[in-house]
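Quick one, fold the following:
(chains A and B)
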Amino acid sequence: MRRYTLNILFCAAAVALVWLAQAEMLDGYVLNILMLIGINCIFAVSLNLVNGYMGEFSCGHGGFMCVGAYAGALISVAFFADSALFGEALFAPWLAPWLFPVILLGGMAAAALAGLIVALPSFRTRDDYLAIITIAANYIIISIIENIDAIGGPRGFSGMKRTVNAMADVIELPWMLMWTLAGVFVCVLVIRRLMSSTYGKGVSAVCQNEVAAEMMGVNTNRVKIMAFMASSGLAGLAGVLYAHIYGYVNAQSFGLLKSTEGLVMVYLGGMGSISGVLMAAVAFTLLIEVLRFVIPWLNETLHAVNLLPAGYQLDQIWTWVFIPLMLILLMQFRPEGFLGNRELSDVFPRLRRWITLK
Amino acid sequence: MDFFLQQCVNALQWGSFYALIALGYTLVYGVLRLINFAHGDVFMVGAYLAFFISTGLLAPEGLFGFSRELTLMLTIPLTMIFTSLVGVTLERVAYRPLMRKGAHRLYVVITALMCGLVLENGNLALLGASRRTLPELVDKTIYNIGGIAVTSLKLWVVLTAILVFIALHFIVTRTRMGMAMRAVSWDKFALPLMGIPLDRVIVFTFALGSAIAGLGGLLFAMSYPVLEPYMGAMTGWKAFIAAVVGGIGEIRGAFVGGFLLAFVEVMVVAFLPSTFRDLFAFSILLFILWQRPTGIFGKPLTTKI
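Modelled structure (predicted):
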């Protein structure tokens, strides 16, 4: 029973959320934030596999999300929308709920393949050089997509709403929320299972000492390929969900800033701790939303007490001063993040009576 | 043929900017084994400082009302000094406490990346998105050499890059401070035992690198007089690629890499759609790191277990 408490809790929460959304007790804004939290959870937990468990430093994770988003969007448009690019829709609209997993898997596969361009050079380099490679990969992916005019180039790509609407026409349900919750569940499950498998032990061994791991018979190249592809594939999942929730993708929104968001979440939560990273993802998403309201409020208050010159307005860009600053302070004073590499059940041993996280 | 030569001249100018910034990356890496990702934004800060100093000094609207020649003479050293102060502050506030604690190198790299973001966005938040234009400090004379147009400014930029390279080479190989810098990169732990002040060497390195970036920023602002907060990001990355291509940690490498990268980029823009420029630059980086991770001049390092 203890093994399943967490799953049951999550399922209960998911059902409750879906029911609330179905009964229209959540307004659109709250629903959007909930889905964004889900996407950020997937994004951060998948990055945690490489940056936390494997101890590499990948800072181009946004690029893989971009590949996933575009691949998912393209498949989705080809399946269910009449477009200039693919001609008529391939399938009847009533198939949408059944074929949506195919779209998700397609986006994941494309992103996983893109993960190879980072995995292959990582055989020979580590640490800061690998960081450079991942940043370069991020820029290359965005640059390639912007140069393909058929999929919109710098104008972005849209048309995925057709699929979402087709799903809603079959049965009226908050489909995207359900898929996002399912995505979070699958993502956490995959990483948990992976890390307790033999491969997962190999990942930890690479983190501790790569040369020693190789001498002990761990095929480090294979472990790295597996970890990078799994991580980027799951980022692709986040990308497909993102593309369908907003109905529009633009390569520029997956730039280095997106990757930095992922880094902030992982290092805030603690490298190599799923529960920590999940907490950080939720906290980070909420923080950004809260700042959206706090900054105008602060602006008015400071103007009211004449602390700011009249011609100067505090605006949203301060969010992006504040967040890097937060990470700098975190690196100075608590580099291990919320939980370090421990799980919630290690920090609070009492919890173990009720749940297992491993 | 004329077109090609004209592009070569442009490549020389861009290469000078890249080389000036890449020298800063390579100096810090050579001494501390730290990639100072905020360096591109230090370059941006240098350009902005040059803007404020020169408008503050210049005749019609400035405080002092100096002539253009005098303004230029004063702007160059003042920009370099203030930019090096920014660089040293970064080192003092962000990197040194981490290094002291013996934090993992990754934490320092993350801090550097974040410092860059703070500089960029902080600038945008404080000064607003309005683009600023540097006042014209020198007359642009256009020389026509065999059908190729060369402005005097381009000549100055290239000449400055070469002079800086020679000066730096002299500092690193011939002076006591340069010897200390090479010693730090050799063995950081044995150094204090030899009576060399480690912190002073590191501060000197940051000051030197940032001053060169400030000079680059001033020249960049003079050549392309539109300033915006994100100008340092992409140029910084490119300069970083240049440093890696040449072999990071090697002063020659940064210099040669800068011109090489600029040549490739300018030729890509000249003969292909200009949107391919970044794609080529980053692909070159990926290829170099894959095939020859230590760059053109770099020597492979062995890791002891």
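
Next, see if stretch A:62-69 gets close to chain B.
No: using C-beta under 8 Å from any C-beta of the partner chain, stretch A:62-69 stays clear of chain B, coming no nearer than 10.9 Å. (Each C-beta comes from the backbone N, C-alpha and C, glycine too.)

pLDDT of that stretch, averaged?
Per-residue pLDDT over stretch A:62-69 has a mean of 93.

How far does it sit from its chain's centre?
Centre-to-centre, stretch A:62-69 and its host chain are 10 Å apart (C-alpha atoms, centre = their mean, to the nearest Å).

How about stretch A:278-292?
With C-alpha atoms, centre = their mean, you get 13 Å for stretch A:278-292.

Give me the buried stretch members for the strand or helix carrying B:W290, please.
For B:W290, the host element (DSSP states H and E) is helix B:276-291. Buried residues in helix B:276-291, defined by neighbour count with 16 or more other C-beta atoms under 10 Å in any protein chain shown: B:276-286, B:288-290.

Which stretches in the stretch 151-300 of chain A count as helices?
Using DSSP state H, counting those that start in this stretch, the helices of the stretch 151-300 of chain A run over residues A:161-170, A:175-195, A:198-208, A:210-215, A:220-246, A:256-269, A:274-304.

Nearest approach to chain B belongs to which of those?
Of all these, it is helix A:210-215 that lies closest to chain B, at 5.4 Å by C-beta to the nearest C-beta.

is any part of the closest one close to chain B?
Yes: under the criterion of C-beta under 8 Å from any C-beta, chain B is reached by helix A:210-215 at A:211-212.

what's that helix packed up against?
Helix A:210-215 sits against helix A:198-208, helix A:220-246, with contacts defined as 3 or more C-beta pairs under 8 Å, 6 or more residues apart in numbering or on different chains; DSSP states H and E.

what's the most buried one of those helices?
helix A:220-246 (a mean of 25; mean count of other C-beta atoms under 10 Å in any protein chain shown).

Name all residues that make contact with residue 150.
This is for chain A. By C-beta atoms under 8 Å, 6 or more residues apart in numbering or on different chains, the residues touching A:A150 are A:L85.

Chain B was what I was after
By C-beta under 8 Å, 6+ apart, the neighbours of B:V150 are B:9, B:142-144.

Give me the buried subset of those.
Of the contacts of B:V150, these count as buried by 16+ other C-beta under 10 Å: B:V9.

Can you add distance to A:T260 and pLDDT and give the contacts of B:V150 back as a markdown table?
What follows is the contacts of B:V150, written out as a markdown table (distance: C-beta to C-beta, whole Å; pLDDT from 0 to 100):
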| residue | distance to A:T260 | pLDDT |
| --- | --- | --- |
| B:V9 | 37 | 86 |
| B:I142 | 43 | 81 |
| B:Y143 | 45 | 82 |
| B:N144 | 48 | 80 |
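
Out of the contacts of B:V150, list just those in helices.
B:V9 (DSSP state H).

Could you dump the contacts of B:V150 into JSON lines and include distance to chain A?
Output for those, formatted as JSON lines (distance: C-beta to the nearest C-beta, whole Å):
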{"residue": "B:V9", "distance to chain A": "26"}
{"residue": "B:I142", "distance to chain A": "34"}
{"residue": "B:Y143", "distance to chain A": "36"}
{"residue": "B:N144", "distance to chain A": "36"}
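
Please see if the helix or strand containing A:L325 touches chain B.
A:L325 belongs to helix A:319-333 when assigned by DSSP H and E. Yes: applying C-beta under 8 Å from any C-beta, one finds helix A:319-333 touching chain B at A:320-321, A:324-325, A:327-328, A:331-332.
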